[in-house]
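A.B. asks: Sequence and predicted structure below; questions after.
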Amino acid sequence: MRIPRFIETALCLTAAFAGATASSAQTNSNQAWPQFRGPDGQATSQNQGLPVTWSAEENLVWKTPLPGPGGSSPIVWGDRIFVTGFTGYAVPGSSSGDLNALERHVICLDRKDGKILWRKNVPAIQPEQATVRDHGYASSTPLADADRLYVFFGKSGVLTFDHDGRQLWRANVGSKTHGWGSAASPLLYQDWIIVNAAVESDSLVALNKQTGAEVWRAVGLKESWNTPILAPVTGGATELVVAIAGQVLGFDPATGKRLWSCATGISWYMVPSLVRHQDIVFCIGGRTGGGLAVRAGGRGDVTESHRLWTLNKGSNVSSPLFHEGHLYWLHENLGTVYCAEAATGKMVFEERLTSAGQFYASPVCADGKLYCVNRRGSVFVIAAKPKFQLLA
(Lines give C-alpha, C1' and ligand atoms only; values in the text may rest on other atoms or scores of the structure.)
Protein backbone atom coordinates (compact mmCIF):
# COMPACT_ATOMS: atom_id res chain seq x y z
CA MET A 1 0.00 0.00 0.00
CA ARG A 2 1.48 3.31 -1.00
CA ILE A 3 0.72 7.00 -0.72
CA PRO A 4 2.96 9.85 -1.93
CA ARG A 5 5.90 10.95 0.21
CA PHE A 6 4.41 14.45 0.10
CA ILE A 7 0.63 14.15 0.11
CA GLU A 8 -0.26 15.34 -3.38
CA THR A 9 -3.30 13.07 -3.66
CA ALA A 10 -6.14 12.61 -1.20
CA LEU A 11 -6.94 8.89 -0.88
CA CYS A 12 -9.50 6.60 0.71
CA LEU A 13 -7.37 6.58 3.88
CA THR A 14 -8.33 10.22 4.38
CA ALA A 15 -11.95 9.17 4.68
CA ALA A 16 -11.20 5.98 6.56
CA PHE A 17 -10.89 7.33 10.07
CA ALA A 18 -14.29 8.95 9.82
CA GLY A 19 -15.89 5.97 8.04
CA ALA A 20 -13.95 3.97 5.49
CA THR A 21 -16.77 2.67 3.34
CA ALA A 22 -19.76 4.36 1.79
CA SER A 23 -22.14 2.85 4.32
CA SER A 24 -20.01 3.60 7.36
CA ALA A 25 -19.40 7.15 6.11
CA GLN A 26 -23.16 7.73 6.14
CA THR A 27 -23.66 6.41 9.65
CA ASN A 28 -20.70 8.40 11.01
CA SER A 29 -21.33 11.64 9.09
CA ASN A 30 -21.47 13.73 12.27
CA GLN A 31 -18.20 12.46 13.65
CA ALA A 32 -15.17 14.72 13.39
CA TRP A 33 -11.41 14.42 13.20
CA PRO A 34 -10.96 18.16 13.78
CA GLN A 35 -7.24 18.58 14.48
CA PHE A 36 -3.81 16.97 14.41
CA ARG A 37 -4.14 13.45 15.89
CA GLY A 38 -7.91 13.62 16.24
CA PRO A 39 -10.54 15.00 18.64
CA ASP A 40 -8.32 15.19 21.74
CA GLY A 41 -4.88 14.86 20.17
CA GLN A 42 -4.59 11.20 21.14
CA ALA A 43 -4.38 9.74 17.60
CA THR A 44 -7.14 7.22 18.34
CA SER A 45 -10.40 6.71 16.45
CA GLN A 46 -13.44 4.80 17.72
CA ASN A 47 -14.56 3.76 14.22
CA GLN A 48 -14.82 0.08 13.35
CA GLY A 49 -14.65 -1.95 10.18
CA LEU A 50 -11.65 -0.19 8.67
CA PRO A 51 -9.64 -1.84 5.89
CA VAL A 52 -6.37 -3.65 6.49
CA THR A 53 -5.37 -3.51 2.82
CA TRP A 54 -6.24 -1.33 -0.15
CA SER A 55 -5.18 -0.81 -3.74
CA ALA A 56 -6.43 0.76 -6.95
CA GLU A 57 -9.03 -2.03 -7.13
CA GLU A 58 -9.78 -2.68 -3.45
CA ASN A 59 -11.24 -0.46 -0.71
CA LEU A 60 -10.60 2.74 -2.67
CA VAL A 61 -13.56 5.09 -2.21
CA TRP A 62 -12.10 7.92 -4.28
CA LYS A 63 -8.83 9.54 -5.29
CA THR A 64 -8.38 13.26 -5.95
CA PRO A 65 -5.28 15.14 -7.22
CA LEU A 66 -4.37 18.11 -5.04
CA PRO A 67 -2.88 21.39 -6.28
CA GLY A 68 0.43 20.81 -4.49
CA PRO A 69 2.28 18.73 -1.91
CA GLY A 70 2.11 19.12 1.84
CA GLY A 71 3.14 17.39 5.05
CA SER A 72 0.04 18.32 7.05
CA SER A 73 -2.61 15.77 8.00
CA PRO A 74 -6.13 16.02 6.59
CA ILE A 75 -8.90 16.78 9.08
CA VAL A 76 -12.62 16.02 8.88
CA TRP A 77 -15.64 18.02 9.98
CA GLY A 78 -19.02 16.66 8.96
CA ASP A 79 -18.99 16.04 5.22
CA ARG A 80 -15.91 18.16 4.59
CA ILE A 81 -12.20 17.36 4.57
CA PHE A 82 -9.63 20.14 4.98
CA VAL A 83 -5.92 19.94 4.18
CA THR A 84 -3.10 22.31 3.22
CA GLY A 85 -0.40 22.32 0.57
CA PHE A 86 2.06 24.59 -1.20
CA THR A 87 3.24 25.47 -4.72
CA GLY A 88 5.59 27.87 -6.47
CA TYR A 89 8.89 27.02 -4.79
CA ALA A 90 10.86 23.93 -3.74
CA VAL A 91 8.15 21.53 -4.91
CA PRO A 92 9.59 17.99 -4.94
CA GLY A 93 10.34 16.74 -8.43
CA SER A 94 10.63 20.21 -9.96
CA SER A 95 13.21 22.98 -10.10
CA SER A 96 13.37 25.20 -7.03
CA GLY A 97 11.59 28.10 -8.71
CA ASP A 98 11.23 31.62 -7.32
CA LEU A 99 10.89 31.98 -3.53
CA ASN A 100 8.69 35.03 -4.13
CA ALA A 101 6.20 32.74 -5.90
CA LEU A 102 5.70 30.53 -2.83
CA GLU A 103 2.03 30.08 -1.98
CA ARG A 104 0.26 27.93 0.59
CA HIS A 105 -3.14 26.50 -0.18
CA VAL A 106 -6.10 25.71 2.04
CA ILE A 107 -8.21 23.03 0.35
CA CYS A 108 -11.71 21.80 1.16
CA LEU A 109 -12.95 18.48 -0.28
CA ASP A 110 -16.30 16.76 -0.20
CA ARG A 111 -15.91 13.69 1.97
CA LYS A 112 -18.37 11.66 -0.08
CA ASP A 113 -16.67 11.86 -3.47
CA GLY A 114 -13.39 13.77 -2.98
CA LYS A 115 -14.49 16.72 -5.12
CA ILE A 116 -12.60 19.93 -4.31
CA LEU A 117 -15.25 22.35 -3.04
CA TRP A 118 -12.97 25.34 -2.64
CA ARG A 119 -9.32 26.36 -2.46
CA LYS A 120 -7.76 29.47 -1.00
CA ASN A 121 -4.28 30.61 -2.01
CA VAL A 122 -2.14 32.31 0.63
CA PRO A 123 1.00 34.04 -0.71
CA ALA A 124 3.95 33.74 1.68
CA ILE A 125 4.97 36.80 3.65
CA GLN A 126 8.52 37.44 2.50
CA PRO A 127 11.35 36.96 3.15
CA GLU A 128 10.60 33.27 3.76
CA GLN A 129 13.05 30.54 4.71
CA ALA A 130 14.86 29.76 1.46
CA THR A 131 15.64 26.15 2.40
CA VAL A 132 13.37 23.93 4.48
CA ARG A 133 15.29 20.68 3.97
CA ASP A 134 12.79 18.43 2.17
CA HIS A 135 9.80 18.91 4.46
CA GLY A 136 8.12 21.70 2.52
CA TYR A 137 6.10 24.69 3.61
CA ALA A 138 2.78 23.16 4.69
CA SER A 139 3.49 20.88 7.65
CA SER A 140 1.02 22.24 10.23
CA THR A 141 -2.33 20.45 10.32
CA PRO A 142 -5.47 22.63 10.24
CA LEU A 143 -7.96 22.88 13.12
CA ALA A 144 -11.75 23.06 12.78
CA ASP A 145 -14.72 23.76 15.01
CA ALA A 146 -18.41 23.99 14.16
CA ASP A 147 -18.06 27.36 12.43
CA ARG A 148 -14.47 27.93 11.46
CA LEU A 149 -11.21 26.57 10.12
CA TYR A 150 -7.84 27.68 11.54
CA VAL A 151 -4.50 27.21 9.76
CA PHE A 152 -0.94 28.05 10.78
CA PHE A 153 1.65 29.00 8.17
CA GLY A 154 4.67 29.96 10.30
CA LYS A 155 5.80 33.55 9.83
CA SER A 156 2.94 34.01 7.34
CA GLY A 157 0.63 33.78 10.33
CA VAL A 158 -2.52 32.13 11.64
CA LEU A 159 -5.49 32.45 9.30
CA THR A 160 -9.15 31.73 9.96
CA PHE A 161 -11.83 30.87 7.39
CA ASP A 162 -15.46 29.94 7.63
CA HIS A 163 -16.35 26.50 6.28
CA ASP A 164 -17.16 28.02 2.90
CA GLY A 165 -13.69 29.49 2.53
CA ARG A 166 -14.26 33.14 3.45
CA GLN A 167 -11.23 34.52 5.31
CA LEU A 168 -12.22 36.07 8.64
CA TRP A 169 -8.92 37.17 10.19
CA ARG A 170 -5.17 36.79 10.09
CA ALA A 171 -2.78 37.08 13.05
CA ASN A 172 1.01 37.31 13.27
CA VAL A 173 2.69 35.18 15.97
CA GLY A 174 6.31 35.90 15.04
CA SER A 175 8.60 36.56 12.12
CA LYS A 176 11.60 34.24 12.61
CA THR A 177 12.27 31.21 10.40
CA HIS A 178 14.26 28.00 10.72
CA GLY A 179 15.93 25.53 8.38
CA TRP A 180 13.56 22.80 9.57
CA GLY A 181 10.56 25.05 8.94
CA SER A 182 7.40 25.14 11.09
CA ALA A 183 5.44 22.06 12.12
CA ALA A 184 3.29 22.58 15.24
CA SER A 185 -0.47 22.60 14.70
CA PRO A 186 -3.03 24.92 16.34
CA LEU A 187 -5.04 23.78 19.36
CA LEU A 188 -8.45 24.91 20.58
CA TYR A 189 -9.11 25.67 24.25
CA GLN A 190 -12.50 27.24 24.97
CA ASP A 191 -12.37 30.55 23.06
CA TRP A 192 -8.62 30.52 22.49
CA ILE A 193 -6.58 29.23 19.58
CA ILE A 194 -3.20 28.19 21.00
CA VAL A 195 -0.12 27.99 18.77
CA ASN A 196 3.37 26.75 19.54
CA ALA A 197 5.34 29.56 17.89
CA ALA A 198 8.73 28.47 19.24
CA VAL A 199 10.22 28.80 15.75
CA GLU A 200 8.66 32.16 14.99
CA SER A 201 9.05 33.91 18.38
CA ASP A 202 10.19 31.43 21.07
CA SER A 203 6.64 31.60 22.40
CA LEU A 204 3.34 29.91 23.09
CA VAL A 205 0.61 32.24 21.86
CA ALA A 206 -3.13 32.25 22.56
CA LEU A 207 -5.44 34.09 20.16
CA ASN A 208 -9.10 34.96 20.53
CA LYS A 209 -10.82 32.64 18.04
CA GLN A 210 -13.43 35.27 17.16
CA THR A 211 -11.08 38.16 16.42
CA GLY A 212 -7.52 36.86 16.22
CA ALA A 213 -6.45 39.27 18.98
CA GLU A 214 -3.61 38.05 21.18
CA VAL A 215 -4.85 36.94 24.60
CA TRP A 216 -1.59 35.82 26.20
CA ARG A 217 1.98 34.92 25.30
CA ALA A 218 4.34 32.62 27.22
CA VAL A 219 7.98 33.11 26.27
CA GLY A 220 11.08 30.97 26.60
CA LEU A 221 10.21 28.06 24.30
CA LYS A 222 13.31 26.71 22.61
CA GLU A 223 13.84 23.93 20.07
CA SER A 224 10.18 22.85 20.09
CA TRP A 225 8.20 21.64 17.06
CA ASN A 226 5.48 19.63 18.81
CA THR A 227 1.78 20.41 19.12
CA PRO A 228 0.70 21.10 22.74
CA ILE A 229 -1.90 18.88 24.41
CA LEU A 230 -4.52 19.47 27.10
CA ALA A 231 -4.37 17.30 30.21
CA PRO A 232 -7.11 17.10 32.89
CA VAL A 233 -5.96 17.18 36.51
CA THR A 234 -7.57 16.40 39.84
CA GLY A 235 -10.27 18.88 40.77
CA GLY A 236 -11.50 19.48 37.24
CA ALA A 237 -8.77 21.84 36.01
CA THR A 238 -7.04 21.48 32.66
CA GLU A 239 -3.39 22.08 31.93
CA LEU A 240 -1.62 22.84 28.67
CA VAL A 241 1.50 20.70 28.21
CA VAL A 242 4.31 21.02 25.67
CA ALA A 243 7.84 19.66 25.30
CA ILE A 244 10.93 21.79 24.70
CA ALA A 245 14.63 20.96 24.66
CA GLY A 246 15.32 19.17 27.93
CA GLN A 247 11.95 19.81 29.59
CA VAL A 248 8.24 19.15 29.62
CA LEU A 249 6.31 22.26 30.64
CA GLY A 250 2.81 22.70 32.09
CA PHE A 251 0.81 25.93 31.65
CA ASP A 252 -2.55 27.35 32.63
CA PRO A 253 -4.29 27.44 29.22
CA ALA A 254 -6.53 30.31 30.32
CA THR A 255 -3.69 32.68 31.21
CA GLY A 256 -0.44 31.27 29.85
CA LYS A 257 1.09 31.12 33.33
CA ARG A 258 3.82 28.50 33.59
CA LEU A 259 2.85 26.05 36.36
CA TRP A 260 5.51 23.37 36.35
CA SER A 261 8.51 21.91 34.58
CA CYS A 262 9.97 18.41 34.43
CA ALA A 263 13.45 17.48 33.23
CA THR A 264 13.37 14.91 30.43
CA GLY A 265 17.01 13.93 30.09
CA ILE A 266 16.42 14.22 26.33
CA SER A 267 18.91 16.53 24.67
CA TRP A 268 18.39 18.83 21.73
CA TYR A 269 15.11 19.63 19.98
CA MET A 270 11.66 18.09 20.59
CA VAL A 271 9.45 17.18 17.65
CA PRO A 272 7.12 14.34 18.77
CA SER A 273 3.89 15.55 20.33
CA LEU A 274 2.96 14.35 23.79
CA VAL A 275 0.22 11.87 24.60
CA ARG A 276 -1.69 11.40 27.84
CA HIS A 277 -3.87 9.01 29.77
CA GLN A 278 -5.96 10.75 32.40
CA ASP A 279 -3.46 13.06 34.15
CA ILE A 280 -0.33 11.16 33.12
CA VAL A 281 1.62 12.74 30.24
CA PHE A 282 4.00 10.61 28.16
CA CYS A 283 6.91 12.08 26.26
CA ILE A 284 9.39 10.54 23.84
CA GLY A 285 11.83 12.26 21.55
CA GLY A 286 15.15 13.83 20.89
CA ARG A 287 17.80 12.92 18.38
CA THR A 288 19.55 10.93 21.12
CA GLY A 289 16.30 9.17 22.08
CA GLY A 290 14.54 8.85 25.40
CA GLY A 291 11.18 8.97 27.11
CA LEU A 292 9.36 9.55 30.39
CA ALA A 293 6.03 9.75 32.13
CA VAL A 294 5.08 12.72 34.33
CA ARG A 295 1.93 13.35 36.31
CA ALA A 296 0.36 16.73 35.55
CA GLY A 297 -0.89 18.97 38.33
CA GLY A 298 2.36 19.80 40.12
CA ARG A 299 3.95 23.17 40.70
CA GLY A 300 7.51 24.34 40.15
CA ASP A 301 10.18 21.79 39.29
CA VAL A 302 8.35 18.45 39.54
CA THR A 303 11.20 16.23 38.31
CA GLU A 304 11.59 14.52 41.68
CA SER A 305 7.95 14.55 42.77
CA HIS A 306 5.93 13.83 39.61
CA ARG A 307 8.23 12.08 37.13
CA LEU A 308 7.14 8.44 37.22
CA TRP A 309 9.68 6.71 35.00
CA THR A 310 12.21 7.23 32.24
CA LEU A 311 13.51 5.07 29.40
CA ASN A 312 16.25 5.28 26.81
CA LYS A 313 14.15 4.52 23.73
CA GLY A 314 12.53 7.24 21.70
CA SER A 315 11.83 8.80 18.35
CA ASN A 316 13.18 11.92 16.74
CA VAL A 317 10.03 12.88 14.80
CA SER A 318 7.05 10.51 14.99
CA SER A 319 4.69 10.91 17.98
CA PRO A 320 3.61 8.11 20.35
CA LEU A 321 0.08 6.95 21.11
CA PHE A 322 -1.61 5.33 24.09
CA HIS A 323 -3.87 2.31 23.71
CA GLU A 324 -5.23 0.03 26.44
CA GLY A 325 -2.42 0.53 28.92
CA HIS A 326 0.44 0.55 26.44
CA LEU A 327 2.46 3.11 24.51
CA TYR A 328 3.34 2.57 20.85
CA TRP A 329 5.74 4.56 18.71
CA LEU A 330 8.06 4.33 15.71
CA HIS A 331 11.73 5.18 15.36
CA GLU A 332 12.16 7.54 12.44
CA ASN A 333 15.39 6.05 11.08
CA LEU A 334 15.53 2.45 12.25
CA GLY A 335 12.11 1.45 10.92
CA THR A 336 11.37 0.00 14.34
CA VAL A 337 8.05 -0.16 16.20
CA TYR A 338 8.11 -0.08 20.00
CA CYS A 339 5.60 -1.05 22.66
CA ALA A 340 6.00 -0.22 26.36
CA GLU A 341 3.88 -0.56 29.49
CA ALA A 342 2.42 2.86 30.18
CA ALA A 343 2.41 2.33 33.95
CA THR A 344 6.09 1.42 34.24
CA GLY A 345 7.90 2.23 31.01
CA LYS A 346 8.94 -1.41 30.72
CA MET A 347 9.60 -2.37 27.09
CA VAL A 348 7.22 -5.04 25.81
CA PHE A 349 8.51 -5.38 22.27
CA GLU A 350 10.91 -3.75 19.82
CA GLU A 351 10.50 -5.01 16.27
CA ARG A 352 12.25 -3.94 13.09
CA LEU A 353 9.99 -3.49 10.06
CA THR A 354 11.86 -4.90 7.07
CA SER A 355 12.71 -2.27 4.45
CA ALA A 356 10.55 0.29 6.24
CA GLY A 357 12.92 3.23 6.00
CA GLN A 358 12.12 6.48 7.79
CA PHE A 359 8.92 7.28 9.69
CA TYR A 360 8.09 10.96 10.15
CA ALA A 361 4.27 10.73 10.18
CA SER A 362 2.67 9.85 13.51
CA PRO A 363 0.71 6.58 13.71
CA VAL A 364 -3.04 6.45 14.16
CA CYS A 365 -4.89 3.76 16.13
CA ALA A 366 -8.27 2.63 14.85
CA ASP A 367 -10.26 -0.60 14.96
CA GLY A 368 -7.53 -2.37 16.92
CA LYS A 369 -4.89 -1.47 14.33
CA LEU A 370 -1.96 0.92 14.10
CA TYR A 371 -1.69 2.66 10.73
CA CYS A 372 1.93 3.74 10.17
CA VAL A 373 3.01 5.71 7.10
CA ASN A 374 6.68 5.93 6.17
CA ARG A 375 8.42 8.59 4.09
CA ARG A 376 8.55 6.39 0.99
CA GLY A 377 4.78 6.20 0.87
CA SER A 378 4.24 2.72 2.31
CA VAL A 379 1.67 2.02 5.03
CA PHE A 380 2.36 -0.64 7.66
CA VAL A 381 -0.68 -1.96 9.51
CA ILE A 382 0.19 -3.42 12.91
CA ALA A 383 -2.05 -5.03 15.53
CA ALA A 384 -2.62 -2.66 18.45
CA LYS A 385 -1.78 -5.18 21.14
CA PRO A 386 1.26 -5.95 23.33
CA LYS A 387 2.41 -8.75 21.04
CA PHE A 388 3.89 -7.74 17.74
CA GLN A 389 1.85 -8.70 14.68
CA LEU A 390 2.29 -7.16 11.25
CA LEU A 391 -1.11 -7.34 9.53
CA ALA A 392 -0.22 -5.80 6.17
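C.D. replies: Great, that's in hand.

A.B. asks: Might one say that Arg170 is in contact with Phe161?
C.D. replies: No - taking contacts as CB atoms under 8 Å, Arg170 lies outside contact range of Phe161: 10.1 Å. From N, CA and C alone the C-beta is placed, and that goes for glycine too.

A.B. asks: All the helices of the stretch 201-350 of the chain, residue numbers only.
C.D. replies: Counting by DSSP state H, counting those that start in this stretch, the stretch 201-350 of the chain has helices at residues 303-306.

A.B. asks: With the stretch 1-150 of the chain instead?
C.D. replies: 12-16, 22-27.

A.B. asks: low pLDDT regions in this protein?
C.D. replies: 1-31 (pLDDT under 70).

A.B. asks: Outline the domain layout of it.
C.D. replies: Using automatic domain parsing, the domain parsing of the chain gives 1-219, 222-314, 318-392.

A.B. asks: With mean neighbour count added, can I get those domains in a markdown table?
C.D. replies: Converted to a markdown table, the domains of the chain look like this (neighbours: other CB atoms under 10 Å):
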| stretch | mean neighbour count |
| --- | --- |
| domain 1-219 | 19 |
| domain 222-314 | 20 |
| domain 318-392 | 18 |
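
A.B. asks: pretty sure Ile193 is in a helix, no?
C.D. replies: No - if the criterion is DSSP: H, G, I helix; E, B strand; the rest coil, then Ile193 is strand and not within a helix.

A.B. asks: hey, what's it bridged with?
C.D. replies: Leu188, Leu207 (DSSP bridges).

A.B. asks: That one against Pro186, yeah?
C.D. replies: Yes - taking contacts as CB under 8 Å, Ile193 lies within contact range of Pro186: 5.3 Å.

A.B. asks: Can you check which residues contact both of the two?
C.D. replies: Leu143, Tyr150, Val158 (CB atoms under 8 Å, 6 or more residues apart in numbering).

A.B. asks: Kindly indicate which of those residues lies nearest Leu391.
C.D. replies: For these, the closest approach to Leu391 (CB to CB) belongs to Leu143, at 30.9 Å.

A.B. asks: How much space separates that closest one from Asn100?
C.D. replies: 28 Å (CB to CB, to the nearest Å).

A.B. asks: Next: Trp260.
C.D. replies: Trp260 is 44 Å from Asn100, by CB to CB.

A.B. asks: Please apply the same query to Leu117.
C.D. replies: With CB to CB as the criterion, Leu117 and Asn100 are 29 Å apart.

A.B. asks: picking up where we left off before, return the subset of the shared contacts of Ile193 and Pro186 lying in strands.
C.D. replies: Leu143, Tyr150, Val158 (DSSP state E).

A.B. asks: Contacts only, for the closest residue to Val215 other than its chain neighbours.
C.D. replies: Excluding the flanking residues, the one nearest Val215 by CB to CB, 6 or more residues apart in numbering is Ala206, at 4.3 Å. Contacts for Ala206 were tallied using CB under 8 Å, 6+ apart; they are Tyr189, Trp192, Ile193, Ile194, Val195, Glu214, Val215, Trp216, Arg217, Pro253, Gly256.

A.B. asks: let's go with 7 Å and repeat that
C.D. replies: By CB atoms under 7 Å, 6 or more residues apart in numbering, the contact list for Ala206 reads Trp192, Ile194, Val215, Trp216, Gly256.

A.B. asks: How about Lys369?
C.D. replies: Taking CB under 7 Å, 6+ apart as the test, what Lys369 contacts is Leu50, Val52, Val381, Ile382, Ala383, Ala384, Leu391.

A.B. asks: Now render those as a markdown table, adding secondary structure and distance to Ile244.
C.D. replies: As requested, the contacts of Lys369 are exported to a markdown table (DSSP: H, G, I helix; E, B strand; the rest coil; distance: CB to CB, whole Å):
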| residue | secondary structure | distance to Ile244 |
| --- | --- | --- |
| Leu50 | coil | 35 |
| Val52 | coil | 38 |
| Val381 | strand | 33 |
| Ile382 | strand | 30 |
| Ala383 | strand | 34 |
| Ala384 | coil | 30 |
| Leu391 | coil | 36 |
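
A.B. asks: any chance of these in JSON lines, plus distance to Trp268?
C.D. replies: Formatted as JSON lines, the contacts of Lys369 follow (distance: CB to CB, whole Å):
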{"residue": "Leu50", "distance to Trp268": "36"}
{"residue": "Val52", "distance to Trp268": "37"}
{"residue": "Val381", "distance to Trp268": "32"}
{"residue": "Ile382", "distance to Trp268": "28"}
{"residue": "Ala383", "distance to Trp268": "33"}
{"residue": "Ala384", "distance to Trp268": "30"}
{"residue": "Leu391", "distance to Trp268": "34"}
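
A.B. asks: between those residues, which is closest to Gln278?
C.D. replies: Nearest to Gln278 among these, with distances taken as CB to CB, is Ala384, at 19.1 Å.
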